[in-house]
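**Q** I would like to see how this sequence folds:
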Amino acid sequence: MDDNLRQRKAEAKQQDSDDGNSAAAKAASKVEEEDKDPYSPWLDILRVITFIFVASWVLSIMFTGGESGYWGIKEKPRYMRLDWWRNQIKGPTYMTPEELSYYDGRDPEKPLLLAINGTIYDVSSNQRTYGPGGSYNHFTGHDAARAFVTGCFADDRTPDMRGVEEMFIPIDNPEIDSYWTAEELAQKRIEERKRAEEQAYNALKHWVDFFAKSDKYLKFGYVKRDPDWLDKVEPNPLCAQAMKARPKRKIPKTEKKA
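**A** This next block holds a predicted model:
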């Protein structure tokens, strides 16, 4: 009986020891968790950005006499516009040319859309220019990349740029051309065409960049076309306005007519 009593006391003592060790381990674990540094730099970064924005806003209001919180910029930066964030979340919209044509201002419930080089932009913020009766209304509802370069708004409402370089190629003039030999003139025409293609590219790029960088006109989506769509349409002839604007070949200064 004494042996059993001693055994029970020993077991109780061991249990107390185990319980104590477990409690100590839990306490140590809790201290370690509390000692862990919960610091995250992102919170400080957010605070700094918020402070800079608020400070800039207040200073702008002060310096512009309360007229603008954007330092006199007429158009809000994109990231300050709700519709820009809405487009970022929604993602781009894809439209066929026919679907795009319904956004030319005839339906006041629809936004004003135009496309250039396959990218669609919302130009609703400038109803006076792009809306019905506006000077650039010909562009809305179309991808009129060609018209942006040639200036023929009514005739060139197409993205087909084939042949546009012709407007930059000098007009042939037998009297002027006689200052070169046939071989020289042939080489000159090759150089003129290459230069004209670069000019046509840069003229289109100017407008592509204009819309891409504009805070006023937001990107809406892209035009859907068949990969071989160009094979299915005849290229536009050079319009009269672009034809009249073609340069004249100049007499070389270092040579005299024989």
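
**Q** max-length strand in the chain?
**A** Scanning the chain for the longest strand, with DSSP state E as the assignment, gives strand 218-223.

**Q** ok so Pro132 is a helix residue?
**A** No: according to DSSP: H, G, I helix; E, B strand; the rest coil, the state of Pro132 is coil, so it is not within a helix.

**Q** contacts only, for it.
**A** With contacts defined as CB atoms under 8 Å, 6 or more residues apart in numbering, Pro132 is in contact with Gly105, Arg106. In this view, the C-beta of every residue, glycine as well, is placed from N, C-alpha and C.

**Q** how close does it get to Lys110?
**A** Pro132 sits at a distance of 12 Å from Lys110 (criterion: CB to CB, to the nearest Å).

**Q** and what of Leu100?
**A** In this view, Leu100 and Lys110 are 11 Å apart by CB to CB.

**Q** so if I had to pick from those two, which one is more boxed in?
**A** Each of Leu100 and Lys110 had its neighbours counted (other CB atoms under 10 Å), and the higher figure belongs to Leu100 (22 against 13).

**Q** just the pLDDT for Leu43.
**A** Turning to Leu43, the model gives it a pLDDT of 78.

**Q** next, count neighbours for it.
**A** Look at Leu43: counted by other CB under 10 Å, it has 9 neighbours.

**Q** against Thr50, how distant is it?
**A** When distances are taken as CB to CB, Leu43 and Thr50 turn out to be 11 Å apart.

**Q** find the residues that touch each one of the two.
**A** Counting by CB under 8 Å, 6+ apart, nothing touches both Leu43 and Thr50.

**Q** pop the domain breakdown of this structure in here.
**A** Structural domains annotated on the chain: 2-38, 77-244, as defined by automatic domain parsing.

**Q** just name the most buried of those domains.
**A** By mean neighbour count, with neighbours taken as mean count of other CB atoms under 10 Å, domain 77-244 ranks first of those at a mean of 16.

**Q** any weak-confidence spans in the stretch 1-150 of the chain?
**A** Residues of the stretch 1-150 of the chain that meet the criterion pLDDT under 70 lie in 1-40, 57, 60-91.

**Q** if we go to 90?
**A** 1-93 (pLDDT under 90).

**Q** helices of that one, start to end?
**A** When assigned using DSSP state H, counting those that start in this stretch, the helices of the stretch 1-150 of the chain occupy the ranges 2-35, 41-63, 82-90, 97-100, 127-130, 145-150.
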